[in-house]
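Visitor: Need coordinates for the following:
(one chain, ligands or ions: 1)
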Amino acid sequence: MVDSVPLFVMSWNAEMGMKKADPVKMPLWVKMVNVPMEAWSMDGISAMASSPGTPILMDNMTTHMCQFGVGRPDYARVLIEFGATKNLKKCINIQYTHKEQNVRGTKEVKVEYDWKPMVCTYCRVFGHFVERSNIRQRIVERRSN
Ligand SMILES: [Zn+2]
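Guide: Prediction:
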């Protein structure tokens, strides 16, 4: 489980100046499309948003829908903290279980992003794509020598 690896957000301070740091976590707005009616609740939405990251807050319309059941049922929009150790999920599966924990069925919720951050799946940091990874290149070079 990559989730058990502790992550640290680099805090910016004056000493770091303009030095470039590759952050390992960043806030990201996600849009969850076709949320089934029964999942429209604070618990339901945050449980779903826990799949791509750690939910931080919902937008006003999403909160309104959860509280009053009216508004914009097309999609839920949640700000999550996204870690570079995770892949950007394209969908979330909701599992419906019986009391005996047998899976009764699943529903798929599509996930969309306002923008996708550059994430290196090799270094597990943001800021560059794996193709541009200097560290990877260096290791590959060393191995071939
Ligand atoms: Zn890299």
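Visitor: Within range of the ion, give me the residues from this structure.
Guide: 120, 122-123, 133 (Cβ under 5 Å from the ion). Any C-beta I mention is one placed from the backbone N, CA and C, and that applies to glycine too.
Visitor: Return a ChimeraX selection command for the buried portion of these.
Guide: Selection of buried members from these for ChimeraX, criterion 16 or more other Cβ atoms under 10 Å:
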select :120,123,133
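Visitor: just checking, Ala47 is part of a helix?
Guide: Yes. Counting by DSSP: H, G, I helix; E, B strand; the rest coil, Ala47 is part of a helix.
Visitor: check contacts around it.
Guide: Counting by Cβ atoms under 8 Å, 6 or more residues apart in numbering, Ala47 touches no other residue.
Visitor: domains of the chain?
Guide: 23-114, 118-145 (automatic domain parsing).
Visitor: Let's see the distance spanning the longest one from one end to the other.
Guide: Length of domain 23-114, first residue to last, Cα to Cα, to the nearest Å: 19 Å.
Visitor: With stretch 92-108 instead?
Guide: 6 Å.
Visitor: Flag every buried residue along that stretch.
Guide: For stretch 92-108, a neighbour-count test (16+ other Cβ under 10 Å) marks 92, 94 as buried.
Visitor: Touching, Met61 and Asp74? I think so.
Guide: No. Assessed by Cβ atoms under 8 Å, Met61 is found out of contact with Asp74, at 9.6 Å.
Visitor: neighbour count winner among the two?
Guide: Remark: of Met61 and Asp74, Met61 carries more neighbours, 15 against 11, as counted by other Cβ atoms under 10 Å.
Visitor: how about the residue lying closest to that one once chain neighbours are set aside, what does it touch?
Guide: Excluding the flanking residues, the one nearest Met61 by Cβ to Cβ, 6 or more residues apart in numbering is Arg72, at 4.6 Å. The contact partners of Arg72, by Cβ under 8 Å, 6+ apart, come to 61-62, 64-65.
Visitor: at 10 Å what do you get?
Guide: Contact analysis of Arg72 by Cβ atoms under 10 Å, 6 or more residues apart in numbering lists 59-62, 64-65.
Visitor: ok, so of these, who is nearest Val109?
Guide: Each of these was scored against Val109 by Cβ to Cβ, and Thr62 proved nearest at 13.2 Å.
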